Structures are given as structure tokens and as C-alpha cells.
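need a 3D model of the sequence below.
(chains A, B, C and D)
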Protein chains: 2
Amino acid sequence: MRNLNGRKSAPTINDIADEAQVSKSTVSLVLKNSPKIKLKTAERVLLAAKKLGYVYNRSAASLRQNSSNIIGLVFSDLQNPFFVELLIGAERILPKSGFTTFMAHTNENLATQNHVLNSMREHNVAGIILCAALNTPNTVPSTIRSWGIPLVVAMRPLEDAESDFVGPNNIEGMTMATHHLIERGHTRIAFIGRHASSYIVSNQRIQGYRNAMAAAHLPVNEDWIIDAGPSYDGGRQGLAKLNALTTRPTATVCYNDAVALGVLSELDFLGLRAGRDLAVVGFDGVAGTAHSSPPLTTISIGPSHLGEVASQLLLERIRTPEARTEPITYLSTPRLIIRQSSSSTFFSENDALLPTKMNDIPL
Amino acid sequence: MRNLNGRKSAPTINDIADEAQVSKSTVSLVLKNSPKIKLKTAERVLLAAKKLGYVYNRSAASLRQNSSNIIGLVFSDLQNPFFVELLIGAERILPKSGFTTFMAHTNENLATQNHVLNSMREHNVAGIILCAALNTPNTVPSTIRSWGIPLVVAMRPLEDAESDFVGPNNIEGMTMATHHLIERGHTRIAFIGRHASSYIVSNQRIQGYRNAMAAAHLPVNEDWIIDAGPSYDGGRQGLAKLNALTTRPTATVCYNDAVALGVLSELDFLGLRAGRDLAVVGFDGVAGTAHSSPPLTTISIGPSHLGEVASQLLLERIRTPEARTEPITYLSTPRLIIRQSSSSTFFSENDALLPTKMNDIPL
DNA sequence: CTGAAAGCGCTTACAG
DNA sequence: CTGAAAGCGCTTACAG
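Sure thing, here's the model as predicted:
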């Protein structure tokens, strides 16, 4: 506990060994709960550790083992609550595993993403869950694997045949969303939110939309597929484009919830209302959609569930590195959540909950 | 690059030293850009490092230096976009400093927070920015400092006289919010969102509300200070309580934006509208408030700016540990953002932007 | 401006 | 079931 200068330094396993009258090998084994050590000895060691205020030195262990207990979670956009929910799912799994999870946020910036990944490599992380930034090169996953670091790609697929992937079934989800509107009697249905920055996802969701329309023998006017960024503002601008169409659709599916909420916001600004003047369906199922005006019909793809699955898959890969089987792709099954934004008549779903006379509410 | 078993291992500074024909001390100095090394030599070393595909081993450096290059950011609730904006501010500052930032999320759970903090200690982090979970004991900051880890507490103050703190000026902010409503002619103004889980903040904001009322010689009916959790649902329930009052207030300030958005949502559900049927003002200034229906008047406390300030302060503390001066408290100056939720007449602010005749919009 | 040497705190065969 | 010894890859005085 004293180094050469006589300065006090933190206690090490050597100090514990002295205190407990055992060798430091024994201390090390006790600290990792090895069954090789007699219970009595282990108790004595643990007591000594506690008495000395011992703190395990992860740097030393990582150096020795050539691997840390850190699992890195890389997020592209935590402003999107979707990813936060995925994070929460991951944290239901990872802490129990003995690993520590450290997140990094790239804010959709490729340079930041490179920096973060390199940093994780330097820190010898045990594994990485990557929610890739927009325009991430398809080579990134194979690069990470070449470092010997187990990797699970989440949410945005990259064109990489060797990576494990966990995400939503975009095609099926958007088919459900579109089908829901068709069931409600709509025939002129738009898709707001085609964009190039995450073109695989965008294309898959558009494909789902087309599939549903085709299944119902409904024509798709190409003007109905509206370019818009995957954001609030994209939604607002997308609605403006929709309103400018000569034969205006009566309903729209949206690339994601952010786009849909932007559409709702712009509708409101124009004195219009989703569910009455335009049926609107979102995609993702983030918590905020329950509180918009009106509440948003959306496709829930189970973000926290995806976080759990990604974590479990990564843990398996870390624990059995030799058992490298075929890459696994897990697509969650989407679920339709019907709320008022797709109602043809406002409040149609919640009549039972409504005060019978508005006047009953004290103003 | 080969260990005793003949297995290929990653190149180390020894390998670089061999390759570049220098000692490993020289390599180490080159890697940290020491001015002691001749340019020519440094170039040769860097070239060798590149050729060998060298990766810096942070675990070894941390062990040797007894400190890592990691700065830990601990967040209590990333579902609240406020904290994400703070994070983004921090990331504008920290990466330039040569430190790596790793976040952890406690989800307002004290056990998780303890676990995360201990883990950061074991990893020898260089410093911590702590957005403390609800009900965090006041002793936590001094514990962290006793570990020798520089700490900045952000957002939620703890009763700890020795800690640096960065947060909003809650009293001033809520005074502004209330004053704004008074200026618009309201006299019966409620406060929705008193709660015990973060009582210091709650009390400060209520104090700001009282100050503004007192300054205008307006009485405060204690019923107007409404208990509600700091969340969407809290806002919804808070509005219900407000509506049940015999003499109903005509306006309300809210503990934060989440509460205010909950109020908006519940108003909408009741067929009412903020700005017309009840003036509503939020607090925090998160991005989503620009897109609610109607857009929310709120107090912006500059979350990303707070992230920047907290980071700069922490970096100073890390760099000059000896210069331990008085603890610093930085309170950001709040700013009122006027939108439609506090208008007495709907759309009053945006008349210029409105289509003159609704019929002009192609439906 | 550069090199030789010591040591940070662990873990891991290996021996007994 | 436990101990003695080697070594992970760095950094840092110190010497020259």
C-alpha cells in the first residue's frame, strides 16, 4: 500500500494476500469466485479485501487477459427515442452478465463513429453492438470483426453477409400499416419519407407499402411516394408536398414516427387534423406517439425487445467464440397499434372514455 | 508479435522499436507527441507503427499511469430529450480534449447508479459528469471525490457544499414563465408538477412561481400548486386535478416540458386546446416542444450549453487537480420561447404565416 | 535527443 | 487446495 516514494497508494491483491495470510494467486482466484478455493479461505480473503478498501483494477486485468469486461454500445441518434428504448432493453440483459456497458453516441457522424470504434478497440472491449450512422460504409462490420471483436449490427442493416443483425421486419411492418388503411376504406394512400441516407431501410419500407397496395389490387401513383428526410421537419415538408398533389391521397403511411409526428404538427398548423382530414400511420412505436394530438396509430417494432435480443446474441458470441456458426439475422415481428390518427371519425375509438357532455368539464 | 506459444499477437511498441531501430522509450514518446524527439525519428517511428498495424493498448497505459483517458457521463433518464441535448453539448467539447467519453444510463435506478459509478472507478476514469438519479443520497458526490476522481454534478443539485455544479437557474426561469402569463393578463395561474422525488428542483421552481405572483401582488391559492410526477402522465393527471378545482385557473406553468406536453395531450383528449382554453407554459426547452399541437411556450435553459459548460469545468479540474479552488456553481440564464400554447387567441402569433382562406389548401 | 531498466496490478500455467 | 514465478504493454525517472 506504499510505493517507493512512501506515498499512499491503493491496496492491491498483494496487500490482501498479506492481510489474509495467503498467496496472491489465491486472492485472485477468490475474487473471481473460483470453486477451487476452500470456503473458509475465501471468506478470510473477502474480509481482508473489505477491511483494506480494495478496488479491483480493471486496467491490470485487461492488460493481462488481453480483453476487458466492457461491452460497447454505439448509437447513431439518441434524439430518436427509439434508440433510447433499445438501450433500455440492452440494459435489462447486459449488467447481469458481468460485463459493463459503455455507450457512445455518434450523432450520425461518420468521423465520430470511426473515432468511437477505434477507441473501443484500444480499450479492448469484449464486444460491440452497433447502431450504424447514416451512410456507414458496408465494410465497417468486417473491419471490426477483423479486430477480433464480436459484433452485432442493430436496426440499420449494412450490406455485409457475415454480420449478425437484429432489427425490425420493415417489409412486413409497412405492409401491416398500409393494409390497416386499406381496411379502413382508403384507396389513395401515400408514403412519406423516401430518402437515400438509409436507403436499404427506406426501400424495404416502401416495398412493404407496395406489397399491401398490390395485394389489394390498388394502383400506386408514383407521386404518392414522397421524398422527405427521416425527421420531424421531413414530415412537415412531406405533408406540404402531399397537399400540393392534384389528386390528394386521403391517407399516408410514414417512414417512421418522427416523420408522422411532423405530419401531425403541420396538419395542426394548417388547422387540419389527423384522423379526420388525413389518416396517418407512423412506424417504430416510440412512447411519445401515445401522447400526440391526436395519438398516433403506428407500427411497434419492439425497440426494447430488439435491445434484449441484440444483447443476448452478442453475449453468446462472446462466450463461444469458437462456435462461429452462420451469421444470424433476427427480425422482430411488427405489431399494429391503432389510435386516433387513422380514424376516419375523430374519437371514434374512445367514445366510451369521452365525457358525454363537454359542458360537464369545469372550465 | 509472437508470444511463447508461437501464436500471433498484436504488435507492441517493442515491435515498432525493432522496426524503426530505436528504443521503446523513444516509441512511447513519439506516440504521445513529445517535443523531445527529433522530427526525423518521429516520422520513422510513425511509419513503422503504421506498417505493423499498431494499436495502442489503453489497458497497459492505464495500469502504468494509474488513470485512464475515459471520462464517464452518467445519465439518469435519456428518455427525457433534455439529457440527450446535454450529452450532445458535452460531445462538442470532450472529444477534442484527448479523452474518450463513455456514457452510462441509470434509468433513475439507484442500484444501477451505484454499480455504474463503481465500475467507472474500477476502470480508473479520469473524471465523471453525474446527472444524478432521483433520490440520490447527498453523500454520493463526496464519496466519488474521496476516490480521487474529479466530479461535476449536472442538472439536479445535491446538498453537497463541496461539489462543482452546473444547472439551470430554476427560480429565475420559473419567475419568467409565470411573469409571461401575468403579462398576458392571467391572474389565476397554477403550477403543475410539485413532487418529492427531486424536491430541491421542484421547490426552486415553485419558489420562482411564487416570486412572480408576489411581485405582481397576485394571491396564490395553495390548491393551484398541483402534485404531479415529472412526466407525461403526471401532466395528464395534473390537468385532471386542475379541472376539478372550483375556481379554475386560466393558465398554468409546468414543472417541465414533459408535464406540459402531458397537459396538452390531455387537453386535446378533452376536446380542449392549450392557448385557447388554458394557457400552458413548459420548462426546459426540448426540441419536441416546437412540434406539439399547439407548439409549446417554454423556458429554454440551454441543455446543450450546460453540457458544454460541465465538460469544460471537468476538464479544468482534471488538468489542474492541485489548483483546487472553491467549488463552482454555474447556473444558466433561462430564456423565454413564446409559442402558441400561451396565446389567449389561437394562432395569434403566426397570423402572417397562416393561409388567408383555409379553402386555399387543396384537400 | 535517445536508451536501459524498473515496475504498474493483475492472471495463469505449473508445481506440489 | 495453495504458492512461486513469469509476463501482459505500457511510462517514467535516470543516465548519457
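
what ranges do the helices span in chain A?
A:13-20, A:24-31, A:39-52, A:58-65, A:81-93, A:110-122, A:140-146, A:170-183, A:199-215, A:232-243, A:257-269, A:303-319 (DSSP state H).

which of those sits closest to residue B:280?
The closest of those to residue B:280 is helix A:257-269. By C-beta to C-beta, the value is 14.9 Å. Where C-beta positions appear, they are placed from N, C-alpha and C, glycine not excepted.

CA atoms only for that closest one, dumped as CSV, please.
Provided in CSV are the C-alpha atoms of helix A:257-269 (Å, rounded to 0.1, in the frame of the first residue of the first chain):
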residue,chain,number,x,y,z
ASP,A,257,-42.8,8.1,-36.0
ALA,A,258,-40.7,11.3,-36.2
VAL,A,259,-42.0,11.8,-39.8
ALA,A,260,-45.5,11.1,-38.7
LEU,A,261,-45.4,13.4,-35.8
GLY,A,262,-44.1,16.1,-38.1
VAL,A,263,-47.0,15.5,-40.3
LEU,A,264,-49.4,15.8,-37.4
SER,A,265,-47.7,19.0,-36.4
GLU,A,266,-48.0,20.5,-39.9
LEU,A,267,-51.6,19.4,-40.1
ASP,A,268,-52.4,21.2,-36.9
PHE,A,269,-50.6,24.3,-38.1
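
and the angle for it with helix B:257-269?
Helix A:257-269 runs at 60 degrees relative to helix B:257-269, counting by axes from the mean of the first three to the mean of the last three C-alpha atoms, to 10 degrees.

now do helix A:257-269: which elements does it pack against?
Using 3 or more C-beta pairs under 8 Å, 6 or more residues apart in numbering or on different chains; DSSP states H and E, the elements in contact with helix A:257-269 are strand A:189-194, helix A:232-243, strand A:251-254, strand A:279-281.

for it, give the mean pLDDT please.
Averaged over helix A:257-269, pLDDT sits at 96.

can you check stretch A:329-342 too?
Mean predicted confidence for stretch A:329-342 is 96.

hmm, that stretch in reach of chain B?
No - taking C-beta under 8 Å from any C-beta of the partner chain as the criterion, stretch A:329-342 and chain B are apart, separated by no less than 9.3 Å.

buried residues, that stretch. List them.
A:330, A:331, A:332, A:334, A:336, A:337, A:339, A:340, A:341, A:342 (16 or more other C-beta atoms under 10 Å in any protein chain shown).

ok now do the fifth one, which residues does it touch?
It stands for residue A:336. Residues in contact with residue A:336 (C-beta atoms under 8 Å, 6 or more residues apart in numbering or on different chains) are A:176, A:177, A:180, A:297, A:299, A:300.

for the second one, what are its contacts?
Each residue near residue A:177 by C-beta under 8 Å, 6+ apart is listed here: A:208, A:209, A:212, A:253, A:281, A:283, A:298, A:299, A:336.

first-to-last residue distance for stretch A:123-133?
Taking C-alpha to C-alpha, to the nearest Å, stretch A:123-133 runs 21 Å from one end to the other.

wait, does that stretch contact chain B?
Yes - shown here: stretch A:123-133 in contact with chain B (C-beta under 8 Å from any C-beta) through A:123, A:124.

would you put the C-alpha positions of stretch A:272-284 in CSV?
C-alpha atoms of stretch A:272-284 as CSV (Å, rounded to 0.1, in the frame of the first residue of the first chain):
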residue,chain,number,x,y,z
LEU,A,272,-56.4,20.3,-40.0
ARG,A,273,-56.3,17.1,-38.0
ALA,A,274,-55.0,13.6,-38.5
GLY,A,275,-57.7,11.0,-38.4
ARG,A,276,-60.3,13.5,-39.7
ASP,A,277,-58.6,15.2,-42.6
LEU,A,278,-55.9,12.7,-43.4
ALA,A,279,-55.4,9.3,-41.9
VAL,A,280,-51.8,9.0,-40.7
VAL,A,281,-49.8,5.9,-39.6
GLY,A,282,-46.3,6.0,-38.1
PHE,A,283,-43.6,3.4,-37.7
ASP,A,284,-41.4,2.4,-34.7
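
show me chain A divided up by domain.
Using automatic domain parsing, the domain ranges for chain A come out as A:13-56, A:68-167+A:303-331, A:170-300.

deepest of the helices of chain A, which one?
Sort those by mean neighbour count, taking mean count of other C-beta atoms under 10 Å in any protein chain shown, and helix A:257-269 sits at the top with a mean of 27.

what's stretch A:73-84 in contact with?
Contacts for stretch A:73-84 (C-beta under 8 Å, 6+ apart): A:87, A:90, A:101-108, A:113, A:116-117, A:120, A:128-134, A:155-156, A:256-258, A:284, A:286-288, A:303, B:78-79, B:81, B:84-85, B:87-88, B:287.

before we move on, what about stretch A:91-103?
A:69-75, A:87, A:90, A:125-127, A:304, A:307-308, A:311-312, A:315, A:318, B:70, B:102-105, B:107, B:112, B:115-116, B:119, B:123.

in the stretch 251-363 of chain A, what residue lies closest to DNA strand D?
Nearest residue of the stretch 251-363 of chain A to DNA strand D: residue A:321, at 18.2 Å (C-beta to the nearest atom of the strand).

can you tell me the closest non-neighbouring residue to that residue?
Nearest residue to residue A:321 in three dimensions, chain neighbours excluded: residue A:150, at 6.9 Å (C-beta to C-beta, 6 or more residues apart in numbering or on different chains).

show me which residues of the stretch 1-150 of chain A sit near chain B.
Counting by C-beta under 8 Å from any C-beta, the residues of the stretch 1-150 of chain A that sit close to chain B are A:9, A:55-60, A:62-63, A:66, A:68, A:70, A:78-79, A:81, A:84-85, A:87-88, A:91, A:95, A:100-105, A:107, A:112, A:115-116, A:119, A:121-124.
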